[in-house]
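Q: dropping a prediction and its sequence here:
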Amino acid sequence: MSEGTCDQLYLALRLASLQMESPPRDLLPFIVDDILIQFDDARSAAALRVFSNLGKSRQVIFFTHHEHLLEIAAKDLSSGYTAHRLPA
């Protein structure tokens, strides 16, 4: 299995585990760090939409140092996200 496929499977399993919480227990934040690094733009956009939707019920914290992912979010998500940049 390629590294990108492993990342996609890992993300799918994490998201599925959240769906199985009925009702959600503590609403802990969903935190991921550069999980989309191996995704193409279409898959990244789809994942960001899932994160945005998940953000309606719990806090989502997505770390990345890839500027193009912020561009995809700005293009694909009209709202539902806030980008914070750390000074260089």
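A: Thanks, I have the structure now. Numbering: from 1, shown residues only.
Q: what's the closest residue to H65 other than its chain neighbours in contact with, if anything?
A: Spatial nearest neighbour of H65, excluding adjacent residues (Cβ to Cβ, 6 or more residues apart in numbering): D34 at 7.1 Å. Backbone N, C-alpha and C define where each C-beta goes, glycine included. Applying Cβ atoms under 8 Å, 6 or more residues apart in numbering to D34 gives the contacts F63, T64, H65, H66.
Q: helix, strand or coil: sort out the third one for me.
A: Using DSSP: H, G, I helix; E, B strand; the rest coil as the criterion, the local structure at H65 reads coil.
Q: tell me how many other residues surround it.
A: Number of residues near H65 (other Cβ atoms under 10 Å) recorded here: 9.
Q: dihedrals phi and psi, it?
A: phi -120, psi 10 (degrees, to the nearest 10).
Q: mind checking how far it is from Q19?
A: Look at H65 and Q19: by Cβ to Cβ, to the nearest Å, they are 29 Å apart.
Q: how about the first one?
A: If you measure F63 against Q19 using Cβ to Cβ, the figure is 23 Å.
Q: now do the last one
A: Here the distance between H66 and Q19 works out to 27 Å (Cβ to Cβ).
Q: give the closest residue to the residue nearest to the spatial centre of the chain in space, chain neighbours not counted.
A: In the chain, the C-alpha nearest the mean C-alpha coordinate belongs to F51, at 4.4 Å (Cα atoms, centre = their mean). Nearest-residue entry for F51: V60, 4.9 Å, with adjacent residues in sequence omitted and distances by Cβ to Cβ, 6+ apart.
Q: what about that neighbour, how many neighbours?
A: By the measure other Cβ under 10 Å, the count of residues near V60 is 19.
Q: end to end on stretch 26-34, go ahead and measure it.
A: Using Cα to Cα, to the nearest Å, one end of stretch 26-34 lies 24 Å from the other.
Q: can you check the pLDDT for R85?
A: At R85, the model reports a pLDDT of 89.
Q: perfect, I'm done here.
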